[in-house]
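>>> With the input below, show me the fold.
(4 chains)
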Number of protein chains: 2
Amino acid sequence: MPVAAQHHDISPAIPVSMRHHLRVVGSGIAAENTCERCALNAICVPEGLADSERQEFTSLIFQHKRLRAGETLFHAGEPFTHLYFVKTGSFKTVVLLDDGREQVTGFHFAGDALGIDAISSPSHPSEAVALADAHVCAIPFASLTRLSRRVEHLQSYVQRLLAREVVRDQGLMLLLGRMHAEERVAAFLMNLSSRFRARGYSAHEFTLSMAREDIGNYLGLTLETVSRCFSRLKNTGVLDVDNRRIRILNIETLQTAVGGMERATGRKTRTVGR
Amino acid sequence: MPVAAQHHDISPAIPVSMRHHLRVVGSGIAAENTCERCALNAICVPEGLADSERQEFTSLIFQHKRLRAGETLFHAGEPFTHLYFVKTGSFKTVVLLDDGREQVTGFHFAGDALGIDAISSPSHPSEAVALADAHVCAIPFASLTRLSRRVEHLQSYVQRLLAREVVRDQGLMLLLGRMHAEERVAAFLMNLSSRFRARGYSAHEFTLSMAREDIGNYLGLTLETVSRCFSRLKNTGVLDVDNRRIRILNIETLQTAVGGMERATGRKTRTVGR
DNA sequence: CGAAAACTTGATGGGGCTCAATGCTTGTGG
DNA sequence: CCACAAGCATTGAGCCCCATCAAGTTTTCG
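Numbers count the residues shown, from 1 in each chain, chains lettered A, B, ... in the order given. The predicted structure follows:
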């Protein structure tokens, strides 16, 4: 099975121009270290390392793991051993409540780290599920910690991963606490758009790798509400939505839809912000 | 002005038996280091340090700052220089949206750290406001980083602070995304209860230091809804609420009110979780 | 192809927001 | 010390956004 996107691989694959860098020897686990030639090098591998240190870092990655769509990379409560980096495909992370309720806390694409929230815990507080066939690198966290005692940059690297996660979570809290349904959906799309652009994909046209239900759960809405918001944005000419294919036709309007302007319909302006 | 609680200091003060440890010389900024005799020593100061290292850590605290109720410790966007620990009083932390909307992301009491979310950022992403007259210790973060290069335990200490914050945020996301109003209020009270117990105060009886509006903002509700939930819990005999004075009469019922059981009233059971 | 999953769209109702009035608490100045 | 103001909290009435329920349609995949 080739690594390149299949017809049902709806995740944002690495751009064609870069794909040859990602070839993995054999199937399943690849022993060969390919970081230096990996397209994601600049994203995963910390900056400011000396060549020897950089080599030490990349040599920590001794597992390349494959997952099929729907498979779980780690479950909540499982012992925390590795930090992961998404190479291809995409993931959702989910936290669970005792009574079975779930909250999707994030979507993760090529270059994103997985398992950050387990740092300093014995076990994973959340679980990570592949949304499409995926491929990850695994770094044993104990080794990373050991190495970071000698290599100064690595210390702040882990710190930066954690801090970025805190700020990201705060943004989601703002969304969940203070935004209306349509604002949440607009914010979600803008977020995807800028992340895809940062990875060298189109910011205006992309394919969602997650179901409406996952989006709804992430945004604190139902799948029906998400679907209706998509339709409304489509009818107002902001988006073109065809199943999971998204084309942003008017990114300025979408951006203003995030902020608190009065709604497009001439309804009474709410004092916005519950 | 004495450090001990005043009649309008409605924050959970350090228990009377411990107060003499907290006396600060003069007013304003105290130069003298008092960590060794501070009641919060076990909470703020990292464990597992050698005596000399512990002394180095506490010697970093060269500022003790006082704030009156309503004053801001740091604003969003301000350069990040210090990590703070609450000695007395209480704080709320708030993140801001461009259009003026705010989200309260947490309440912080004696022993809690402030400014964690600014680590690895040039500036504070959130702001911290004193809810009552307060007193904090300030640690210059650059010095802490420098020291943590030599002292191994300090490295994981900062990491643990950050990681704890991530997990805390995930809990709030679950609350904001998946819980009903009354569940949110119950969860909020249970959270306060256990934090007060951990600090040696009563878990059943305490005084809120924040307004209904702050609680509502924190929980993604309006102040009216919070007030109504309080009243309902009072009428069902779970709580005794008198303004900001809270007495938990039936902590088991309050706990079950957090999880997803059907509502107390005989209403139709919802499939819970939007 | 056929079944299951995913998505869309409509109808309906309720939880919580909005608006509004009132009571209570705290702080201030005469 | 009391009156007054300002802020905070409670309570009620009305209504809207979005969850729920229910088809019907499209897509996916064995």
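>>> Skipping its backbone neighbours, what lies nearest the residue most central in space within chain A in space?
Nearest to the mean C-alpha position of chain A, by Cα atoms, centre = their mean, lies A:H108 at 1.5 Å. Computed as Cβ to Cβ, 6 or more residues apart in numbering or on different chains, the closest residue to A:H108 that is not its neighbour in sequence is A:F91, at 4.4 Å. C-betas here are computed from N, CA, C, even on glycine.
>>> same deal with A:R164?
Nearest to A:R164 is B:S120, by Cβ to Cβ, 6+ apart, at 7.1 Å.
>>> Show me where the stretch 101-250 of chain A has its helices.
Ranges of helices in the stretch 101-250 of chain A, per DSSP state H, counting those that start in this stretch, are A:141-150, A:152-178, A:181-198, A:212-219, A:223-235.
>>> Can I get these in JSON lines including distance to DNA strand C?
Below are the helices of the stretch 101-250 of chain A laid out as JSON lines (distance: least, Cβ to the nearest atom of the strand, whole Å):
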{"stretch": "helix A:141-150", "distance to DNA strand C": "32"}
{"stretch": "helix A:152-178", "distance to DNA strand C": "9"}
{"stretch": "helix A:181-198", "distance to DNA strand C": "11"}
{"stretch": "helix A:212-219", "distance to DNA strand C": "4"}
{"stretch": "helix A:223-235", "distance to DNA strand C": "3"}
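>>> Next, format these as TSV and append mean pLDDT.
TSV is the format used below for those (pLDDT from 0 to 100):
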stretch	mean pLDDT
helix A:141-150	90
helix A:152-178	94
helix A:181-198	97
helix A:212-219	98
helix A:223-235	98
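>>> ok, back up a step: wait, what's in contact with the residue nearest to A:R164?
B:S120 sits next to A:156, A:159-160, A:162-164 when contact means Cβ atoms under 8 Å, 6 or more residues apart in numbering or on different chains.
>>> ok, back up a step: what pairs with the residue nearest to A:H108 across the strands?
A:H108, A:A130 (DSSP bridges).
>>> And for A:F85?
Beta-bridge pairing for A:F85 (DSSP bridges): A:A113, A:C137.
>>> is A:R245 in a bridge, and if so with what?
Per DSSP bridges, the residues bridged to A:R245 are A:T207, A:D242.
>>> what does the model give it for pLDDT?
At A:R245, the model reports a pLDDT of 97.
>>> Repeat that for the one 10 residues further on.
A:Q255 is assigned a pLDDT of 95 by the prediction.
>>> What distance do you get for the nearest residue to A:E213 once chain neighbours are set aside to DNA strand D?
Leaving out its chain neighbours, the residue that sits closest to A:E213 by Cβ to Cβ, 6+ apart is A:L223, at 4.4 Å. Separation of A:L223 from DNA strand D (Cβ to the nearest atom of the strand, to the nearest Å): 8 Å.
>>> Burial check on the closest residue to A:N217 other than its chain neighbours, number of neighbours?
For A:N217, ignoring the flanking residues on the chain, the nearest one in space by Cβ to Cβ, 6+ apart is A:V104 at 4.4 Å. The number of residues packed around A:V104, counting by other Cβ atoms under 10 Å in any protein chain shown, is 23.
>>> likewise A:T236?
Counted with other Cβ under 10 Å, A:T236 comes out at 14.
>>> same thing with A:K92?
Counted with other Cβ under 10 Å, the neighbours of A:K92 add up to 23.
>>> what's the pLDDT at it?
In this model, A:K92 carries a pLDDT of 98.
>>> List only buried entries from the contacts of B:S120.
Neighbour counting with 16 or more other Cβ atoms under 10 Å in any protein chain shown marks A:156, A:159, A:162-163 as buried within those.
>>> can I assume the residue nearest to the centre of chain A is in contact with A:G89?
No - using Cβ atoms under 8 Å as the test, A:H108 is too far from A:G89 to be in contact (9.4 Å).
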